[in-house]
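>>> need coordinates for the following:
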Amino acid sequence: MQTENIQKPVETAKPQLSFWQIWNMSFGFLGIQYGFGLQQANMSPIYRYLGADEASIPGLWLAGPLTGLLLQPIIGAVSDRSWSPTWGRRKPFILAGAVLGSIALVFMPNSSSIWMAAGLM
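Below you'll find the model as predicted:
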């Protein structure tokens, strides 16, 4: 067995982020968490309005995290294999997800059934 022909991967340097870049990134994540908290807080009345009993509401709260658990690795794998010269690798997926998520949140309170509301969440 010859091991001298194996090439080692080239190490890339980590980018040095300024204080303000870290601040903006943290502030953006704060906004995401704040929006998620507002969404979760307002889901219980919507589920009750659609006829869910009190005992099933915590199970319905799991719809959003479970969807993320299943879909995020798939979307991440697809975005790793794509490239846009203008937008880069992940920005088109983030933009499409934000637009589709916003549309789903507009339609969610007007759902006709509990499972439709959970799916739109």
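
>>> next SSE after the longest helix seen in the chain?
Secondary structure assigned by DSSP state H gives helix 19-49 as the longest helix of the chain. Downstream of helix 19-49, the first helix or strand assigned by DSSP states H and E is helix 57-61.

>>> what comes up buried for that next one?
60-61 (16 or more other Cβ atoms under 10 Å). Yep, even glycine has a C-beta here, placed from its N, CA and C like the rest.

>>> give me the next element, helix or strand, following it.
Where DSSP H and E defines the elements, the next helix or strand beyond helix 57-61 is helix 63-80.

>>> elements contacting that following helix?
With contacts defined as 3 or more Cβ pairs under 8 Å, 6 or more residues apart in numbering; DSSP states H and E, the packing partners of helix 63-80 are helix 19-49, helix 91-107.

>>> quick one: buried residues of the longest helix of the chain?
For helix 19-49, burial by neighbour count (16+ other Cβ under 10 Å) applies to 43, 46-47.

>>> on that earlier part again, how about the helices and strands packed on helix 63-80 in a markdown table, adding distance to residue 67 and mean pLDDT?
Converted to a markdown table, those look like this (distance: least, Cβ to Cβ, whole Å; pLDDT from 0 to 100):
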| stretch | distance to residue 67 | mean pLDDT |
| --- | --- | --- |
| helix 19-49 | 13 | 83 |
| helix 91-107 | 11 | 85 |
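
>>> could you dump those helices into a markdown table and include distance to residue 13?
What follows is the helices and strands packed on helix 63-80, written out as a markdown table (distance: least, Cβ to Cβ, whole Å):
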| stretch | distance to residue 13 |
| --- | --- |
| helix 19-49 | 16 |
| helix 91-107 | 22 |
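
>>> tell me which of the ones you listed lies nearest to residue 70.
For the helices and strands packed on helix 63-80, the distance to residue 70 is smallest for helix 91-107, at 14.2 Å, taking Cβ to Cβ.

>>> and the closest one, how far out from the chain middle?
10 Å (Cα atoms, centre = their mean, to the nearest Å).

>>> so what touches it?
Contacts to helix 91-107, defined as Cβ atoms under 8 Å, 6 or more residues apart in numbering, come from residues 39, 75, 78-79, 82, 84, 87, 120-121.
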